[in-house]
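# have a look at this prediction, sequence included:
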Amino acid sequence: MYKRIRLVGLCAVLLSGCQEQSDPEGVEAEDHDSHWGYEEADGPGVWADLSPEFLLCREGQAQSPIDLTDAQTASLDLMGMNYQPATLRIIRHEHLVDVINSGHTIQINYDEGSTLTVDATEFELAQYHFHVPSEHAVDGKSFPMEMHLVHVSEQGEIAVLGVLIEEGSHNSAFDPVVEHIPLEAGGEEHLEHVQVEIDDLLPADRSTFRYSGSLTTPPCSEGVRWFVFAQAQELSPPQIQSFARVIRGNNRPLQPHNGRDLLLHRSP
Ligand SMILES: [Zn+2]
């Protein structure tokens, strides 16, 4: 069961896209011994030491997350979203077997057919998941949570939409997820009766920070197209607490900009 859980998560983050369908054994075998997490012994500071495949976590020059500051403003917005409603398929993904209350994320795998189009490239939404606290910062300010919507193109390119989450009023759009957060790590649960709508989870203002970065988890693959909404989404303190009690501390520290372009695309 444990290996199966790992595979689902890897499938979502690997640059090669979802190898799960084509070569599940290959993916599993490659990463079989590379346990990683967020503790001192297996956390972001030593990810590169855990496997030769994780070298980019230390050597990479275009890593994520970053502090979103000093952005150049651009007005052109070529992003199109076509998200379909789906039934809830939620898993609590555990990267480690031997550390309790650490290295978890809550992940929602998404049905086929929801797309994000950027500069004429179509990316399909594969899954979304959460970090507590946020990974990105804005002008040095961190947030209580961050949601990542992971999209993969036919060519295997990855585009991630990031939504920063701050404390505020109750947000009922998140209730289907909040009410079904698995308290125990386990396999995927498919809740036929629970509908989720991505559009409702996103901020009203669609302005986004854009830059080229990486996965924020091993193998830290680069070439990931990042879109982080400038407007934070509000969740109530109890809603945030529902996530925090199972995944607190699964955030990678900020990485250097290294002269990368950072644009702020203002929504028309
Ligand atoms: Zn993430």
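The structure has been received and is ready for your questions.

# tell me where the stretch 151-268 of the chain has helices.
Secondary structure of the stretch 151-268 of the chain (DSSP state H, counting those that start in this stretch): helices at 175-178, 198-201, 237-247.

# how far off centre is the last one?
Averaging C-alpha coordinates over helix 237-247 and over its chain gives two centres that are 17 Å apart (Cα atoms, centre = their mean, to the nearest Å).

# what about the strands in the stretch 51-200 of the chain?
Ranges of strands within the stretch 51-200 of the chain are 67-68, 72-74, 79-82, 86-94, 104-109, 115-118, 121-131, 137-138, 145-153, 158-167, 189-196, based on DSSP state E, counting those that start in this stretch.

# which intervals of the protein have sub-threshold pLDDT?
Scanning the chain for pLDDT under 70 picks out 1-33, 76-78, 88, 90-104, 185-188.

# what's the span of stretch 138-158, first residue to last?
22 Å (Cα to Cα, to the nearest Å).

# and it, what's buried?
138, 142-153, 157-158 (16 or more other Cβ atoms under 10 Å). Where C-beta positions appear, they are placed from N, C-alpha and C, glycine not excepted.

# tell me how many other residues surround residue 247.
Neighbour count for residue 247, taken as other Cβ atoms under 10 Å: 23.

# mind listing what it touches?
By Cβ atoms under 8 Å, 6 or more residues apart in numbering, residue 247 lies in contact with 104, 105, 106, 130, 131, 132.

# which of those lies at the shortest distance from residue 117?
The shortest gap between residue 117 and any of these belongs to residue 130, at 24.6 Å (Cβ to Cβ).

# quick one: that closest one and residue 145 touch, right?
Yes: counting by Cβ atoms under 8 Å, residue 130 touches residue 145, with 6.2 Å between them.

# got any residues that touch both of these two?
residue 243.

# thinking again about what came up before, looking at the helices of the stretch 151-268 of the chain, spot the one closest to residue 69.
Comparing those by Cβ to Cβ, helix 237-247 comes nearest, at 24.0 Å.

# okay, angle between that closest one and strand 145-153 too, please.
Helix 237-247 and strand 145-153 are oriented at 70 degrees to each other (axes from the mean of the first three to the mean of the last three Cα atoms, to 10 degrees).

# mind saving the C-alpha coords of helix 237-247 as PDB?
Only the C-alpha atoms of helix 237-247 are listed here, as PDB (Å, rounded to 0.1, in the frame of the first residue of the first chain):
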ATOM      1  CA  PRO A 237      -8.800  29.900  10.700                       C
ATOM      2  CA  PRO A 238     -10.700  26.600  11.400                       C
ATOM      3  CA  GLN A 239     -10.400  25.600   7.700                       C
ATOM      4  CA  ILE A 240      -6.700  26.300   7.700                       C
ATOM      5  CA  GLN A 241      -6.400  24.400  10.900                       C
ATOM      6  CA  SER A 242      -8.000  21.400   9.300                       C
ATOM      7  CA  PHE A 243      -5.100  21.200   6.800                       C
ATOM      8  CA  ALA A 244      -2.400  22.300   9.300                       C
ATOM      9  CA  ARG A 245      -3.200  19.500  11.700                       C
ATOM     10  CA  VAL A 246      -2.100  16.900   9.100                       C
ATOM     11  CA  ILE A 247       0.400  18.600   6.800                       C
END
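
# so which bits of that helix are buried?
Quick answer for helix 237-247 (16+ other Cβ under 10 Å): 239, 240, 242, 243, 244, 246, 247.

# excluding chain neighbours, give the residue nearest to the fifth one in space.
Leaving aside its chain neighbours, residue 244 sits nearest to residue 132 (4.9 Å; criterion: Cβ to Cβ, 6 or more residues apart in numbering).

# who's in contact with that neighbour?
Contacts of residue 132 by Cβ under 8 Å, 6+ apart are 144, 145, 240, 243, 244, 247, 248, 249, 250, 251.
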